[in-house]
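Participant: Next one to model:
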Amino acid sequence: MEKVMVKGTEAIGEAAIRAGCRHFFGYPITPQSELPEYMAKRLPEVDGVFLQTESEVATVNMLYGAACTGKRVMTSTSSPGFSLMMEGVSYMACAKLPAVFVNVVRGGPGLGDIQPAQGDYWQATKGGGHGDYRLIVLAPSTVQEAVDLTVLAFDLADKYRTPALILADGLLGQMMEPVEFPEFRDLSTLPDHSDWALIGAKGREPHIVTSFDIDPYKLEKMNLELVEIYKKIEENEVRWEEYKTEDAEIIITAFGTIGRIAKSVVDMARKDGIKVGLFRPITVWPFPYKPLEELANKVDMFFDVEMNMGQMLEDVKLAVKDKRPIKFYSRMGGVVPTPTEILNALKEEIRR
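Facilitator: A predicted model of the protein is given here:
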């Protein structure tokens, strides 16, 4: 299949359309504004609907309404914008509504800047909104992977009736790479949600989609149903990549953009005679605890690298369980570390 050179944000948009998404609601915010701009142009060409809303709060509530019909729906935003959507995300999770969110993370906290960062890991994986809920969170490291995971996000959201999140960052969103797109999905083959979707109730009892029940016992039952869904996701949907871990004595753990930079660090370190490998979670929820724990039985040390204050580091520690020392290196505020910088930091830890 032919490869085309395309920007990350636009690649995610095209992948969503090919996955069968025909409804996009969004509000511009840098560094992801090219994605809604792309959808504004492309969706009318495929009889889809693009609507620029007056705010992120309006966006998530329009997404809620459209998702109630069982159609594939999507929005994209960047860090402060995703924070504004949190109430609606919680509502959608409780109402068991499939939808795909894209967060092209930028430097924070607060208004921050518009440079790449990974400071939204906790928000994405631990639940940024209220109540007990989870999101399926996919963290691509290349534009091609962003395409593939966008398609997967729609499939998983439909399969488990839960929102899914693409956790990208400004670097991935703005870079251009050659990409191979999948074929267009035949809309008639998309999952049938007619058993719960709000598509008219003529001749039958109406369906009810809600995140509310004043009876605590009934609300507890709704919570327990979510727990069962999350258990199945943890059992079946854990994804990760290992790179040169077979003989590694040191494992770098990193996700997203830093994951691809860490691959270069692995190759550079090996040229210097240091046996380093990479463990890159692709699903940051569910996190790949078990395979990372298995590596802890084989190596001498872990070196976690992130563009935040050490948010995934907590999950790495839970997986490694004090079996091996874990060192940490990070840059924040939108500063992207170079491979040489990370390698020098690794060598410094080895010398200590």
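
Participant: use CA for all of it now, contacts and neighbours both
Facilitator: Noted.

Participant: Name all residues that make contact with the residue nearest to Phe50 when sequence neighbours are not counted.
Facilitator: Residue nearest to Phe50 in three dimensions, not counting chain neighbours: Phe24, with 5.0 Å by Cα to Cα, 6 or more residues apart in numbering. Phe24 sits next to 36, 39, 49-51, 63, 73-75 when contact means Cα atoms under 8 Å, 6 or more residues apart in numbering.

Participant: would you say Phe24 is within a strand?
Facilitator: Yes: inclusion of Phe24 in a strand is indicated when DSSP: H, G, I helix; E, B strand; the rest coil is applied.

Participant: May I see the contacts of Phe24 arranged in a markdown table, with neighbour count and secondary structure as well?
Facilitator: Conversion of the contacts of Phe24 to a markdown table gives the following (neighbours: other Cα atoms under 10 Å; DSSP: H, G, I helix; E, B strand; the rest coil):
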| residue | neighbour count | secondary structure |
| --- | --- | --- |
| Pro36 | 25 | helix |
| Met39 | 27 | helix |
| Val49 | 17 | strand |
| Phe50 | 21 | strand |
| Leu51 | 15 | strand |
| Leu63 | 26 | helix |
| Val73 | 28 | strand |
| Met74 | 28 | strand |
| Thr75 | 26 | strand |
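
Participant: In these, find the pair that's most separated.
Facilitator: Across these, no pair lies farther apart than Met39 and Leu63, at 14.9 Å, counting by Cα to Cα.

Participant: So what's the residue count around the spatially closest residue to Tyr243 that is not a sequence neighbour?
Facilitator: In space, Tyr243 comes closest to Leu278 once its chain neighbours are excluded; the distance is 4.9 Å by Cα to Cα, 6+ apart. Leu278 is surrounded by 27 other residues when neighbours are defined as other Cα atoms under 10 Å.

Participant: can you check the one 3 residues further on too?
Facilitator: Neighbouring residues of Pro281 were enumerated by other Cα under 10 Å; the total is 26.

Participant: all numbers from here: first residue = 827
Facilitator: Got it, first residue is 827 now, which makes that one Pro1107.

Participant: element containing the spatially closest residue to Phe1038 that is not a sequence neighbour, please.
Facilitator: Spatially, and ignoring its direct neighbours in sequence, Phe1038 is nearest to Leu1045 (7.2 Å; Cα to Cα, 6+ apart). Using DSSP states H and E, the secondary-structure element containing Leu1045 is helix 1042-1062.

Participant: what about that helix, average pLDDT?
Facilitator: Mean pLDDT, helix 1042-1062: 98.

Participant: Can you name the next helix or strand after it?
Facilitator: Following helix 1042-1062 in sequence, per DSSP H and E, is strand 1066-1069.

Participant: Check which helices and strands that next one is in contact with.
Facilitator: Contacts of strand 1066-1069 with other secondary structure elements, assessed using 3 or more Cα pairs under 8 Å, 6 or more residues apart in numbering; DSSP states H and E, are made with strand 1102-1107.

Participant: can you list contacts of the strand it packs on?
Facilitator: With Cα under 8 Å, 6+ apart as the contact definition, strand 1102-1107 has outside contacts at 965, 1065-1072, 1074-1082, 1085, 1088-1089, 1092, 1095-1096, 1113-1114, 1118.

Participant: redo that, cut-off 6 Å
Facilitator: By Cα atoms under 6 Å, 6 or more residues apart in numbering, the list of residues contacting strand 1102-1107 from outside reads 1066-1071, 1074, 1076-1081, 1085, 1092.

Participant: Relative to the whole chain's centre, how far out is the next helix or strand after that strand?
Facilitator: Sequence order places strand 1109-1111 as the next helix or strand after strand 1102-1107, per DSSP H and E. How far strand 1109-1111 lies from its chain's middle: 7 Å, per Cα atoms, centre = their mean, to the nearest Å.

Participant: mind listing what strand 1109-1111 pairs with, with the direction of each?
Facilitator: When pairing is defined by DSSP bridges, strand 1109-1111 lines up against strand 962-964 (antiparallel).

Participant: Could I get the average pLDDT for the strand it pairs with?
Facilitator: For strand 962-964, the per-residue pLDDT values average out at 98.

Participant: quick check: mean pLDDT across the helix or strand that comes right after it?
Facilitator: Scanning the chain past strand 962-964 towards its C-terminal end, the next helix or strand to appear is helix 969-986 (assignment: DSSP H and E). In this model, helix 969-986 has an average pLDDT of 98.

Participant: again, but for stretch 1132-1143
Facilitator: If you average the pLDDT values across stretch 1132-1143, you get 98.

Participant: returning to what we had before: how much distance is there from the helix holding Leu1045 to the middle of the chain?
Facilitator: If you compare the mean C-alpha spot of helix 1042-1062 with that of the full chain, they lie 21 Å apart, counting by Cα atoms, centre = their mean.

Participant: do stretch 975-986 as well
Facilitator: In this view, stretch 975-986 has its centroid 11 Å away from the chain centroid, taken as Cα atoms, centre = their mean.

Participant: got it, and stretch 1096-1105?
Facilitator: In terms of Cα atoms, centre = their mean, the centre of stretch 1096-1105 is set 28 Å apart from its chain centre.
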